[in-house]
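Undergrad: following is a predicted model, sequence given first.
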Amino acid sequence: LAPLDFAATKALFHLPEGVIYLDGNSLGPLPRAAAARVDDCVQAEWGDMLIGGWNKAGWMDQPARLGARIARLIGAEPEAVVLGDTLSIKIYQALAAALQLNPARRVILSDSGNFPSDLYMAEGLVNMLGQGYSLRVVPPEDIADALDENVAVMMLTQVDYRTGRLHDMANLTRHAHQKGALTLWDLAHSAGALPIDLSGCGVDFAAGCTYKYLNGGPGAPAFIYVAPRHAAHVAPALSGWLGHAAPFDFSPTYQPGQGVSRLRVGTPAVLQMAALEAALDIWDRVDISALRAASITLSEMFLTGVQDRCPELRLASPRAAAHRGSQVSFHHPQGYAIMQALIAKGVIGDFRAPDILRFGFTPLYIGADEVRWAVDILAQIMADRSWDQPQFHRRSS
């Protein structure tokens, strides 16, 4: 790959005039090519081909085809990733599969920094299974010590959605395996933000979304990874028709498909995947190591500027860049109002309860100038307390 040209990649995104977008870790902006790609899918494929689009336009193969393109970004074997459904569903599938592969154990281990939906999926699964299954949640720093002979699967989000704290995937996966546990990593806040090596780390299962750093659009489908050594032995808890070995035989009984394809459930979201295809065309040009280096430079610039000029804001993220994902977070009791005041000035970050202001740094479309302007605007809002107005305290749904 050629060196990353951020001016060139920024031109590939639609960004509203006057907006500094530091919320790509929640929803990536629109790739300019996505509208034309979706329009072509609607008009030339759905419109002209009708049901023939499943074969002529390759709709049925989209989940595996796009999965192979995402595999490069997460250090996975190309045949080990497939798309479809939501991230919560993929977490549920992976958890159930991991428990089935480790039947002598009954504990799912996670941490208090995990995304709540992952914990909800685990709670629902253990409640349904009964038989002594349980979810154990510990502080992030206690994960290694909590791995014992009862843990069937360690389920972690690589980058904490609130603070940006980055787990050491290689060391924790190695430690889990030494203790006889399988691993499930949620990549929602790391895929497209930093180098990942699922295969090299020996990860068993992983899942992630495509609408944050990967810029697939709101509601874009999730992906799931199953290590090839497990793929032939996984019994899908959600045995949908497209995970069947021969879906169009319409057999009344289920027979799992080959490899990771058995983790497919329902009909692909064709229009969403068309938008994601346009986004992945950009990623085909990106060296993820160069992206990570640029992200650290921007994050450090922002963090240092805010600490120097906004002493009321207390750092919530790890100070060392090597221990963070591609975001920086701060605590403030009035974090919600401050964020609304920032948004009103054109700096879009986001708020996470109870008191966290969160800022994502995506070098594909954010540069040093935007970071400096964002610090200036935040410093002004804090200095003149312009955040303390009724409209900024009013909560939206």
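TA: Nice, thanks for sending it over.

Undergrad: confidence score at Ala7?
TA: Looking at Ala7, its pLDDT reads 85.

Undergrad: likewise for Ala2?
TA: On the pLDDT scale, Ala2 is placed at 49.

Undergrad: does the closest residue to Leu263 other than its chain neighbours belong to a helix, a strand or coil?
TA: What sits nearest to Leu263 in space, not counting adjacent residues and going by Cβ to Cβ, 6 or more residues apart in numbering, is Ile224, at 5.2 Å. Placement of C-beta: from N, CA and C, glycine included. Of the three states, Ile224 takes strand according to DSSP: H, G, I helix; E, B strand; the rest coil.

Undergrad: how near is Val270 to Leu129?
TA: Applying Cβ to Cβ, to the nearest Å, the value for Val270 to Leu129 is 34 Å.

Undergrad: pull the distance from the biggest helix by length in the chain to the chain's centre.
TA: Using DSSP state H to assign secondary structure, the helix with the most residues in the chain is helix 288-309. With Cα atoms, centre = their mean, to the nearest Å as the basis, helix 288-309 stands 20 Å off its chain's centre.

Undergrad: neighbour-wise, which of Val270 and Leu129 wins?
TA: Using other Cβ atoms under 10 Å, the more surrounded residue of Val270 and Leu129 is Val270, with 19 against 14.

Undergrad: spatially nearest residue to the more buried one (excluding sequence neighbours)?
TA: Nearest one to Val270, counting by Cβ to Cβ, 6+ apart, is Trp59 at 4.9 Å.

Undergrad: can I assume Val371 sits in a strand?
TA: No. With three-state DSSP as the criterion, Val371 is located in helix rather than a strand.

Undergrad: wait, what's in contact with it?
TA: By Cβ atoms under 8 Å, 6 or more residues apart in numbering, the contact list for Val371 reads 298, 301-302, 305, 361.

Undergrad: next one: Ala321
TA: 296, 299-300.

Undergrad: any idea how far Phe205 is from it?
TA: 28 Å.

Undergrad: any idea how far Gly266 is from Thr157?
TA: In terms of Cβ to Cβ, Gly266 sits 25 Å off from Thr157.

Undergrad: actually Thr253, sorry about that
TA: Thr253 is 36 Å from Thr157, where distance means Cβ to Cβ.

Undergrad: how about Gly47?
TA: Distance from Gly47 to Thr157, counting by Cβ to Cβ: 40 Å.

Undergrad: my read: Gly192 touches Tyr211, true?
TA: No. If you go by Cβ atoms under 8 Å, Gly192 and Tyr211 don't touch, sitting 10.4 Å apart.

Undergrad: looking at those two, which is more packed in?
TA: A direct count of neighbours by other Cβ under 10 Å for Gly192 and Tyr211 places Gly192 higher, at 29 against 23.

Undergrad: show the contacting residues for that one.
TA: 73, 212-215, 283, 288.

Undergrad: give me that answer again for 6 Å
TA: By Cβ atoms under 6 Å, 6 or more residues apart in numbering, the contact list for Gly192 reads 213-214.

Undergrad: look up phi and psi at it.
TA: phi 90, psi 0 (degrees, to the nearest 10).

Undergrad: what's the helix or strand for Ser88?
TA: Per DSSP states H and E: Ser88 is located in helix 87-101.

Undergrad: by neighbour count, which of the contacts of Val371 wins?
TA: In terms of neighbour count, Phe361 stands highest of the contacts of Val371 at 28 neighbours, by other Cβ under 10 Å.
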